[in-house]
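*Asks:* Using only what follows, build the 3D model:
(chains A and B)
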Amino acid sequence: MLRMMKVRTFEEEVRRLYYEGAVHGTLHLCVGQEAADIGSTAVLKKEDFVFPTHRGHGVCIGKGTDMKKMMAEILGRRTGTNLGRGGSMHICDAENGIIGSNGVVGANAPIACGAALTIRQKKQEDRVSVCFTGDGAANSGAVLESMNLAGLWKLPVIFVLMENHYAVSTLVENASANPDFTKRAETFNLNCFETDGNDILAVRDIMRQARQKVLEDRRPCLVVEHTYRISGHSKSDANKYRTAEEIRYWEERGPIIRFSEKLISEGMFIRQEIDEILAEARAAVGEAVDFALQSPAADDTAAMLTSSVYAD
Amino acid sequence: MRKTYREAILEAAAEEMARDDAVIVMGEDVGVYGGGFGATEGLIETYGPERVRNTPVSETAFVGTAIGAAATGMRPVVELMFSDFMAVCWDQIMNEAAKIHYMYAGSVNVPLVIRTAAGAGTGAASQHSQSLENMYCHVPGLKVVVPSTPYDAKGLLKTAIRCNDPVIFLEQKLLYNMEGEVPETEYTVPLGKAAVRRQGDDITLISYGRMVQKCLDAAEALAEKGWQAEVIDLRTLSPLDTDSVLASVRKTGRAVIVHEAVQFGGFGGEISAMIMEEAFDALKAPVRRIGAAYCPVPCAPEMEKNVLPETDQIIETAEGILNFVPTSLALRIHESRAQASPAACFH
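*Replies:* As a prediction, the model looks like this:
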């Protein structure tokens, strides 16, 4: 719960900072997808590889990336995860297995397969590679080819397909000949799981099963998580393709509200405790914002700009 | 010992696989078939299907998988059957392999080699004959190597495999059967270092890949006419050995750049601009470029031949600038003659 609230608060703060003019560049927020992000990463080990998308803040926070460094990166500071070179879309944290968030839709799938190939070649038994993808990327050649290659080579990779209704403005039904993505699993010899992506416990349990299955069965898995992107596609989205009622409908059924109500109705928490968790999340995000705002701007010297284009 | 260009490439891969378990080979038909041009022949027998991985016809997936494997600890050597197919997986090469190290602040390396067959002359027509090196050179983060001899093919490939950056290794289709001396003992050739193939004081012919031999042939013909051409083989286009080029041009004062790629927008333009920016004072004549005609490579033998640069064209262009007299100088000569003898003006 704390982590979901951190993600939500983080995104709200990023949005606020953007409108204050503090963010240079674009933003792809994951408001509404917190259960999918946090539930999917909760059962992963630190050494598991993850490959987030352009909408990757939640996954990075879930995998353990320091929010201070993330916020600094988004605000273009030299203390950022990528020294200011990447911004919102490219958060990288190799220590936590995040080889890098990817800005090209679908392009992370082959790379995730590559990390899985390394796991196979080096005979690492308790490690998986997780490719985060969505209903938009699902129709890209890169994802389809990767599912085939992963199935063919029996790579330890989990494709987490977050079906969040829209690829920018295009509804799933208007982009996929068959919107039931689970049907693809059989074609590519993938084990398959499907879950309500707005139910944090369900997502976590499914991901735990998927991870085990990948290791036991020695073949890849497809996990389809149904969720809804409440935030716009990017900062420039005017929501012309959907109604305010539709967004409100999903806000009322968002993962954080649902989990809070569940905990209270089952008597596990009282409202005040939930509020305390939210206050804790806000404090942590506040610290991240302070850290970022107090950090010096990215190093723009010529030496820095052109250094490490190459490793050698 | 004499070996072919193909054997040299195969030997380099085999030796590096023996030296380092992280080296794996991937690509279409690299297994029992031995690769599109026979340059992986026998590797699968020695190293098995885990390290010599035959792939489906999914360039995006297998090049991307090699990038991901490289980023996490392997050293993949990918064979892309024809360099033209780079277009099929260009996103992975340009947006991923080239960017990862920089974009992720140096925390991730991509030690990857993409071996691929480039160039025309085999009648393979427009989609299997291109020389697109300029595209690769234009992307910061990629290294681009074009070996012109068996010795270099082996030495450069070994260095490329040990390099921690993505390297596009452009093998020349028409050179696979070329024979040359390849030492039995271990050696490598550094990236970013050109070779002077022939010394001369009058003109510099700058080239790489298959066109190096054409330049050497042209230099012989020029020698018969009394001109000594220096021939520079760039070997690596990115990083570029600008020092060797400039040192030679400063000596000769004249330069012709020869490549098989389309002349318009080609790599010759980059070299030419670099010479003019760095050594304008040394130039005795304008720099000239020779490249393919501005059209896709056609199939029929006569057509293909006429599109590509030939030795005669190099000789003719070189003679043109060897005999070049600047307009301003010509005018001054004309005027001084006119003053000395007005009648001479009417010649």
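*Asks:* so what's the residue nearest the centre of chain A closest to, chain neighbours aside?
*Replies:* Nearest residue to the geometric centre of chain A (CA atoms, centre = their mean): A:V59, 3.4 Å. Excluding the flanking residues, the one nearest A:V59 by CB to CB, 6 or more residues apart in numbering or on different chains is A:P52, at 4.1 Å. For glycine as for every other residue, the C-beta is placed from the backbone atoms N, C-alpha and C.
*Asks:* I'd say that neighbour and A:G62 touch.
*Replies:* No - using CB atoms under 8 Å, A:P52 is not in contact with A:G62; the gap is 9.4 Å.
*Asks:* Those two: which is more packed in?
*Replies:* More neighbours surround A:P52 than the other of A:P52 and A:G62, with 32 against 24 (other CB atoms under 10 Å in any protein chain shown).
*Asks:* Is stretch B:33-48 positioned near chain A?
*Replies:* No - counting by CB under 8 Å from any CB of the partner chain, chain A has no neighbours in stretch B:33-48; the shortest distance is 11.6 Å.
*Asks:* can you pull the buried residues of that stretch?
*Replies:* Residues B:34-41, B:43-44, B:47 are the ones in stretch B:33-48 that count as buried (16 or more other CB atoms under 10 Å in any protein chain shown).
*Asks:* Go ahead and produce CSV holding the CA coordinates of that stretch.
*Replies:* Provided in CSV are the C-alpha atoms of stretch B:33-48 (Å, rounded to 0.1, in the frame of the first residue of the first chain):
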residue,chain,number,x,y,z
TYR,B,33,24.8,-24.2,-43.0
GLY,B,34,27.9,-22.2,-42.0
GLY,B,35,26.5,-18.7,-42.4
GLY,B,36,25.3,-16.8,-45.4
PHE,B,37,28.9,-16.7,-46.9
GLY,B,38,30.5,-19.6,-45.1
ALA,B,39,32.1,-17.5,-42.4
THR,B,40,30.8,-19.5,-39.4
GLU,B,41,31.5,-22.9,-40.9
GLY,B,42,32.3,-25.6,-38.3
LEU,B,43,31.7,-23.4,-35.3
ILE,B,44,28.7,-25.3,-34.2
GLU,B,45,30.6,-28.6,-34.3
THR,B,46,33.2,-27.2,-31.9
TYR,B,47,31.0,-25.0,-29.7
GLY,B,48,27.6,-26.5,-29.9
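*Asks:* Quick one: distance of that stretch to the chain centre.
*Replies:* Distance of stretch B:33-48 from the chain centroid (CA atoms, centre = their mean, to the nearest Å) equals 24 Å.
*Asks:* now do stretch A:144-164
*Replies:* 16 Å.
*Asks:* where's the residue nearest to A:V59 relative to B:T327, distance?
*Replies:* In this view, A:P52 and B:T327 are 62 Å apart by CB to CB, to the nearest Å.
*Asks:* Would you map the strands across the chain?
*Replies:* Here I'm looking at chain A. A:49-51, A:129-134, A:157-163, A:166-167, A:170-171, A:191-196, A:221-226 (DSSP state E).
*Asks:* Chain B is the one I meant
*Replies:* So, for chain B - with DSSP E - the strands run B:2-4, B:23-27, B:52-54, B:75-80, B:113-118, B:143-145, B:167-172, B:179-181, B:195-198, B:203-207, B:229-233, B:236-238, B:255-262, B:288-292.
*Asks:* Of these, flag the one that's most buried.
*Replies:* Comparing those by mean neighbour count (mean count of other CB atoms under 10 Å in any protein chain shown), strand B:203-207 ranks first with a mean of 29.
*Asks:* Counting by contacts, list what that one packs against.
*Replies:* helix B:211-224, strand B:229-233, helix B:242-252, strand B:255-262, helix B:311-322 (3 or more CB pairs under 8 Å, 6 or more residues apart in numbering or on different chains; DSSP states H and E).
*Asks:* and A:V214, which of the ones you listed is closest to it?
*Replies:* Among those, strand B:255-262 comes nearest to A:V214, with 45.5 Å by CB to CB.
*Asks:* relative orientation of that closest one and strand B:167-172 in degrees?
*Replies:* Going by axes from the mean of the first three to the mean of the last three CA atoms, to 10 degrees, strand B:255-262 is angled at 90 degrees with respect to strand B:167-172.
*Asks:* by contact count, what packs against strand B:255-262?
*Replies:* So strand B:255-262, by 3+ CB pairs under 8 Å, 6+ apart, packs with helix B:133-137, strand B:203-207, helix B:211-224, helix B:242-252, helix B:267-279, strand B:288-292, helix B:311-322.
*Asks:* how about the ones you listed, which one is nearest B:I67?
*Replies:* helix B:133-137 (14.9 Å).
*Asks:* Give the rounded mean pLDDT of the closest one.
*Replies:* Regarding helix B:133-137, the rounded mean pLDDT is 97.
*Asks:* Report the beta-bridge partner residues of residue 170.
*Replies:* Because you didn't say which chain, this covers chain A. A:A167 (DSSP bridges).
*Asks:* please go with chain B instead
*Replies:* Using DSSP bridges, the beta-bridge partners of B:L170 come out as B:T116.
*Asks:* quick one, what contacts it?
*Replies:* Counting by CB atoms under 8 Å, 6 or more residues apart in numbering or on different chains, B:L170 touches B:83, B:116, B:118-119, B:131, B:133, B:144-146, B:209.
*Asks:* Return the member of the residues you listed nearest to chain A.
*Replies:* Closest approach between these and chain A, by CB to the nearest CB: B:V144, at 12.2 Å.
*Asks:* hmm, who's touching stretch A:304-312?
*Replies:* By CB under 8 Å, 6+ apart, stretch A:304-312 touches A:83, A:298, B:101-102, B:105-106, B:109-111, B:140-141, B:143, B:163-165.
*Asks:* What residues of that stretch count as buried?
*Replies:* Under 16+ other CB under 10 Å, the buried positions of stretch A:304-312 are A:308, A:310-311.
*Asks:* okay, how far is it across it, tip to tip?
*Replies:* 16 Å (CA to CA, to the nearest Å).
*Asks:* Equivalent analysis for stretch A:88-105, please.
*Replies:* 15 Å.
*Asks:* Confirm for me that A:F259 is in contact with A:A35.
*Replies:* Yes - the criterion here is CB under 8 Å, and A:F259 meets it with A:A35 at 7.2 Å.
*Asks:* Between those two, point out the one with more neighbours.
*Replies:* Shown here are A:F259 and A:A35; by other CB under 10 Å, A:A35 has more neighbours (28 against 21).
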